[in-house]
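J.: I'll drop the sequence and a predicted model, then ask my questions.
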Amino acid sequence: MAPWLVLVPLAFAALAFATPSERVRPWLLPAAGATQLGLVALELLGRGSGFGAPWLALDALGRLVATYLAVLFFLCAAYAPGYLAQRVERPNRIFCSVMLVFFAMMNLIAGAQHLGLLWVAVEATTLASGPLLYFNRNARSIEATWKYLLIGSVGIALALLGTFFTAYSALLAGVTPSMLLPDMIASAPQLSRPWLHSGFVLALVGYGTKMGLAPMHTWKPDAYGEAPGLVGALLAGGLTSCAFTAVLRFFQICAAAGEADFARGPLLFLGLFSMAVAGAFMVRQGDYKRMLAYSSVEHMGILVLGIAIGGAGTLGALLHLVSNGLSKGVLFLSAGNLHRAFGSKRTADVSGALRVLPASAALFLAGFFAATGTPPFGTFVSEFTILSAMMHAERYGVAALFLGLLLVVFVGMGQTVLAVVQGEPPELVAAKPHRDRWLAVAPIAVLLVLVLALGVWIPEPVLALFRAAASAVEGQR
Amino acid sequence: MGETLDLALVGVLLLNFLMLGTSRLIAAIHFAGMQGILLGMALFVAHGQTNSRVLVLSIATAALKGVAIPAILRRATRNVSIRREIEPFVGFTASLVLGALATGLSLVFSRSLPLLDEHAGSLIVPASFATVLTGFLVLTTRRKAITQVIGYLTLENGIFVFGLTLVEAIPFLVEIGVLLDLFVAVFVMGIIMDHIQREFSSLSTEHLTSLRE
């Protein structure tokens, strides 16, 4: 089934490239999203086609990520035609087709069972997202794209070295390294430890650069700040989650080798450091899109922290992967609406958003509560699961730091968000008529409802999906 | 086979130093390209036996790393009429000293790692580490966008050298994928460089400072 999840979006990309009409083309995005949802549903119902290869197949983790990606992409794609209709001055041929290629490559990451293929897929997402970032074609977006491409590519290069080291650890053990994940996991106990350890650290640093873990996060505020909200949602919701999946693949090998405790050290450090850096830069942040980037750095930190704690923390991290990704969708898309109405992303120029665009601003505010883990949102459940895993493991110092940093982020982010939504709008903006467009609001509302649903009640089959993925990561089969 | 391979790797190491010492962009591109051709040759001799798969991969490596990518970079320098790397963050003599230090450390460090017998006596692992470090040095100490891409290429070359230990293990498809990704990366960066030039009329990343905290 996994090959279809990659091939179908690629076919839509070709179709988008061949479509001559600028007005019709954006509608191919939701069409591709809907088709993908159908394919994923077939897979979940166990009616997927057997078409596949050992190096491209959906295991428990891949199934969870692919399902989540299909939902996120469909809702972002539903937002796209409305957005592109307002940006008629920009040709969207490249934008639409590259976005579909980008989506296809994210699915390739989810389905990759071969460490080399995984690397190729992650690098391909980096390259495909370059043109998306550069959509606005001004000096600032060039700068952001350049930093993103260069830092991202160097990070990916390190991940390749990590992949090679891991392969060498097998070679040294006398195992022929097939680089296939199931084989690597099966032969994990024999792997040469020094090479396995350094391979994991390099892969963590490399793919961690793509996740945007501090201190490798420096591309993130620029890229998210300059990208259109739609692209920001796909990067912060989709791509970072895929990069996290790549880190998990290496963690799986380490865990199977009985080296989970070694792997948890660097994960714990990067997790807490990311949260601290995000907290420091979020206080008095004068640009609400850059603020969202730091929020993403924080949440990447929470993800790796969950894995670093292990046990229920792993399940918490996977829940957080989905609930954070969906709430990032809410925030970036609604921030995009505000950005267009006010013509600025500086908090100095933006205030009283609730009066100008009531629906978008209310969603932005709700998205803030979702992103900071306020009950009853799904992020609260996942963060609470990680916290209780910390208490259960008697890591009280880590738990205290975790709570303290969450509080700092809440206060810092709250200042900026409240300054944006409250108060009186600037006269220039208030004078112009604004209204929330149905197409620009409905997909965000659905995303928000999903984050809420994850916090209130998770249906048993969905929970089973998470549980299966968590036990695959921990190495219990 | 081992001696020919080591000879090629000595060449790679020498090119590292030439690259660190030059201020002329064209020369640096040239050195990176020569490194690519040497890597193609190294890949060919690293394999015990010759078959069509090895031949295709070696030629593809040499063609992409040695010809196509340098051509893209040369085109970029022609368009922007810059010839030299001026005022790098670390001077050329200092970077040569750092490069020598990095190479020495790589030799010492790789002795302390467990290696297979056939790799323990060869230069593969130390040459790989030294080239990766050289790439990092160029990436972090130079100001021009083109030199940074050359640094990235050198870094990739170093990783490729390490890949020589695994030639039997990693399937053909992925090797081709890795090469293709590298090619596309440089291609996309080339396009962006073109836009940097048009927007700022220079290719110095120093102008890229409006996005700061």
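T.: Right, received. Where do you want to start?
J.: tell me the confidence at residue 60?
T.: Picking chain A for this. We note a pLDDT of 93 for A:Ala60 in this prediction.
J.: wait, chain B
T.: Value for B:Ala60, per-residue pLDDT: 88.
J.: and the residue in chain A that chain B sits nearest to, how many neighbours?
T.: The nearest approach of chain A to chain B comes at A:Gly116, 3.4 Å away (CB to the nearest CB). No exception for glycine: its C-beta is placed from N, CA and C like everyone else's. Close neighbours of A:Gly116, defined as other CB atoms under 10 Å in any protein chain shown, add up to 24.
J.: do you know how far it is from A:Leu160?
T.: 9 Å (CB to CB, to the nearest Å).
J.: again with A:Val297
T.: From A:Val297 to A:Leu160 the distance is 24 Å (CB to CB).
J.: most centrally placed residue in chain B?
T.: B:Thr154 (1.8 Å; CA atoms, centre = their mean).
J.: which residues does that one contact?
T.: B:16, B:19, B:32, B:35, B:131, B:134-135, B:138 (CB atoms under 8 Å, 6 or more residues apart in numbering or on different chains).
J.: mind running it again at 10 Å?
T.: Counting by CB atoms under 10 Å, 6 or more residues apart in numbering or on different chains, B:Thr154 touches B:12, B:15-16, B:19-20, B:28, B:31-32, B:35, B:131-139.
J.: tell me the SS of it?
T.: helix (DSSP: H, G, I helix; E, B strand; the rest coil).
J.: leaving out the residues flanking it, which one is nearest to it?
T.: B:Gly135 (3.6 Å; CB to CB, 6 or more residues apart in numbering or on different chains).
J.: check A:Ala260 too.
T.: Nearest one to A:Ala260, counting by CB to CB, 6+ apart, is A:Cys254 at 6.0 Å.
J.: the strand or helix carrying that neighbour - what's its average pLDDT?
T.: For A:Cys254, the host element (DSSP states H and E) is helix A:240-256. Average pLDDT, helix A:240-256: 95.
J.: can you give me the mean pLDDT across the next helix or strand along the chain from that helix?
T.: Downstream of helix A:240-256, the first helix or strand assigned by DSSP H and E is helix A:260-282. What helix A:260-282 shows for mean pLDDT is 94.
J.: then stretch B:25-44?
T.: 92.
J.: which stretches of chain B have low pLDDT?
T.: For chain B, applying pLDDT under 70 flags the ranges B:1, B:48, B:80-82, B:85-86, B:171-174, B:177, B:200-207, B:209-213.
J.: buried residues in the longest helix that it contains?
T.: In chain B, with assignment by DSSP state H, the single longest helix is helix B:172-200. Across helix B:172-200, burial judged by 16 or more other CB atoms under 10 Å in any protein chain shown covers B:174-179, B:181-186, B:188-190, B:192-193, B:195-197, B:199-200.
J.: chain center to that helix, what's the gap?
T.: The chain centroid and the centroid of helix B:172-200 are separated by 14 Å under CA atoms, centre = their mean, to the nearest Å.
J.: B:Val138 contacts B:Met19, doesn't it?
T.: Yes - counting by CB atoms under 10 Å, B:Val138 touches B:Met19, with 6.6 Å between them.
J.: and the contacts of the worst-scoring helix or strand of chain A on mean pLDDT?
T.: In chain A, the helix or strand scored least confidently by mean pLDDT, DSSP states H and E is helix A:427-431, which has a mean of 78. Helix A:427-431 is contacted by residues A:341-344, A:349-353, A:355-357, A:424-425 when judged by CB under 10 Å, 6+ apart.
J.: now do the contacts for A:Ala440.
T.: Here A:Ala440 is in contact with A:79, A:81-83, A:85-86, A:229, A:333-334, A:336-337, A:340, A:357, A:359-360 (criterion: CB under 10 Å, 6+ apart).
J.: what separates it from A:Leu29, distance-wise?
T.: Distance from A:Ala440 to A:Leu29, by CB to CB: 14 Å.
J.: equivalent analysis for A:Val322, please.
T.: Separation of A:Val322 from A:Leu29 (CB to CB): 21 Å.
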